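>>> Okay, predicted coordinates and the sequence, questions at the end:
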Amino acid sequence: MALIREFSDYLTVRSKMNLSLPWEVPINEYRKITLPNPEFIGAPEPIHQIENRVIAGTTGYLPIRIYRPNAERNLPVMLYFHGGGWVIGNMDGFEPTVRSIANKANIMVIQVQYQKAPERAFPIPFDDCYTTLEWVASNAEKLGINPNQIGVGGDSAGGNLAAAVALKARDTQLINLAFQMLVYPCTGNDGSLPSANNYSEGYGLTSKVMRWYENQYAQNESDKTNPYAFPAFANDLTNIAPAIVVTAQYDTLADDGRIYANRLKEVGALKHFKEYAGAIHGFNALAGVAPEFVKDVQLDLAREINSCINRST
C-alpha cells in the first residue's frame, strides 16, 4: 500500500524544518528541538483524573503520572513507557496517546519519566521501568487496581522497555503480567534487516539515527547482547506475558517487531499482531496528523488489551 497521504504530508513538513541530527548539536539542545509539537501529537482528550506523584527509583526519584478513566476501583492498569530512543521524549509527548487508550480500554494508565541516555545509559532506564512495576504491584490496593490485571506497554524504545520488563517479570516471578503491548518496538540492534535497509531514510526515523540511539543506550559491548537491553537476544520466551505487537509498513524497525512477534507466536505468547499498511514509525503519537487513523489504531489496541485482561480473570 502507498504511504497514507497524511503521513506523506507530515514527512514533507518535517523535511522542510531541517532539524539538526542528534550528533550535530549538544544533547540538551537536541532534546529542546525535539520537544512534542501539539500540532503533530494532537490535543489530549478529557479524562476523569490525572495524578502526578514521585516514587523512589534505584538511582534517583522518578516522576510518574496516573490516569484514571473513572472513579471505579479494581481497574486493570497498564504501566506505559514513552518512546524517544531512550534519549529524548517525555510524558507530555504521549499525553494524548495514553489518555485515549485509558478511556477507550477503561483501564488506569501509569506513565513514568525514566532517566535518559547517554548520561544515564543501560541499565538505568530499564531499572527505572522495572522499579516502577515493582511499585505498582506492591501498591495495588492503595491505587485501587486489580493486582491480577497489570500490564506493560510502550511505543518504539518504550516498546523495547516494555518487552524487557516483561522478560524480567517472568524471570523474577514478580507477578504474572496480564499483557505486554509493543507498538513498533525496537527489540534488537541488527541494522542489516530488510526494513532497516528498505526504509533507512525518508520516512521519519532513519536507520542511522536508530543506530546512534542504540549506541547511546547500550554503551558497553556486553550490553548489546543483553536481553534486558535488547529482548531479541533472549534465548527463551516461554511463560512470558501475552503480547500485542503492532508495526508500521514504512518503518526501519518493522522487522524488529515482525521477528519478535514470530518468536512469541512459536511459544504461544502472541495474542495479536498487526502491521498497519501505509503507516510510518511513530503513528501512535501522531493524532494531530492523522486523527481518524490513530483513533482506529487506539480502538484496536484497547480491544486487544481488554481481550488479554479477560483471559487473566
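Alright, I've got the coordinates. Numbering: from 1, shown residues only.
>>> any chance you could read off phi and psi for G158?
Dihedral pair for G158: phi -70, psi -30, per degrees, to the nearest 10.
>>> what's the closest non-adjacent residue to it?
Closest residue to G158 apart from its sequence neighbours, by CB to CB, 6 or more residues apart in numbering: F81 at 3.7 Å. All C-beta atoms are positioned from the backbone trio N, CA, C, and that covers glycine.
>>> Run a quick neighbour tally on that neighbour.
F81 sits with 30 neighbouring residues when counted by other CB atoms under 10 Å.
>>> in the stretch 151-300 of the chain, which spans are strands?
All strands of the stretch 151-300 of the chain, identified by DSSP state E, counting those that start in this stretch, fall at 179-183, 243-250, 270-280.
>>> Now the shortest one: average pLDDT?
Rounded to a whole number, the mean pLDDT of strand 179-183 is 98.
>>> and if you look at stretch 295-308?
The average pLDDT for stretch 295-308 rounds to 98.
>>> Distance from it to the middle of the chain?
Relative to the centre of its chain, stretch 295-308 is centred 15 Å away, using CA atoms, centre = their mean, to the nearest Å.
>>> Now that stretch: buried residues?
Residues of stretch 295-308 classed as buried by neighbour count (16 or more other CB atoms under 10 Å): V297, Q298, D300, L301, A302, E304, I305, N306, C308.
>>> just to revisit the earlier point, please list all residues in contact with the residue nearest to G158.
Residues near F81 by CB atoms under 8 Å, 6 or more residues apart in numbering: 111-112, 114, 129, 152-154, 157-159, 161-162, 165.
>>> pLDDT at the closest residue to T206 other than its chain neighbours, what is it?
Closest residue to T206 apart from its sequence neighbours, by CB to CB, 6+ apart: S200 at 6.1 Å. For S200, the pLDDT comes out at 98.
>>> gap between S200 and W135?
39 Å (CB to CB, to the nearest Å).
>>> Could you check which of the two is surrounded by more residues?
For S200 versus W135, neighbours defined as other CB under 10 Å are more numerous around W135 (19 against 16).
>>> Now the strand or helix carrying that one - C-alpha only, CSV.
W135 is located in helix 124-138, with elements delineated by DSSP states H and E. Provided in CSV are the C-alpha atoms of helix 124-138 (Å, rounded to 0.1, in the frame of the first residue of the first chain):
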residue,chain,number,x,y,z
ILE,A,124,19.4,2.7,34.4
PRO,A,125,16.3,3.5,32.2
PHE,A,126,15.4,-0.2,32.2
ASP,A,127,15.9,-0.4,36.0
ASP,A,128,13.6,2.7,36.4
CYS,A,129,10.9,1.0,34.5
TYR,A,130,11.1,-2.3,36.3
THR,A,131,11.3,-0.5,39.7
THR,A,132,8.1,1.3,38.8
LEU,A,133,6.4,-2.0,38.0
GLU,A,134,7.5,-3.3,41.5
TRP,A,135,6.0,-0.1,43.0
VAL,A,136,2.7,-0.6,41.1
ALA,A,137,2.5,-4.2,42.1
SER,A,138,3.2,-3.5,45.8
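>>> Export the buried residues of stretch 295-308 as a markdown table, with columns for distance to S222.
Converted to a markdown table, those look like this (distance: CB to CB, whole Å):
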| residue | distance to S222 |
| --- | --- |
| V297 | 37 |
| Q298 | 38 |
| D300 | 38 |
| L301 | 34 |
| A302 | 39 |
| E304 | 35 |
| I305 | 35 |
| N306 | 40 |
| C308 | 34 |
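>>> returning to what we had before: just say which of the strands of the stretch 151-300 of the chain is most tucked in.
strand 179-183 (a mean of 30; mean count of other CB atoms under 10 Å).
>>> Check which helices and strands that one is in contact with.
strand 145-155, helix 157-172, strand 243-250, helix 291-312 (3 or more CB pairs under 8 Å, 6 or more residues apart in numbering; DSSP states H and E).
>>> CA atoms of it as PDB?
In PDB, the C-alpha atoms belonging to strand 179-183 read as follows (Å, rounded to 0.1, in the frame of the first residue of the first chain):
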ATOM      1  CA  PHE A 179      -0.300  -8.400  28.800                       C
ATOM      2  CA  GLN A 180       2.500  -6.600  27.100                       C
ATOM      3  CA  MET A 181       1.700  -4.000  24.400                       C
ATOM      4  CA  LEU A 182       4.600  -3.500  22.000                       C
ATOM      5  CA  VAL A 183       4.000  -0.700  19.500                       C
END
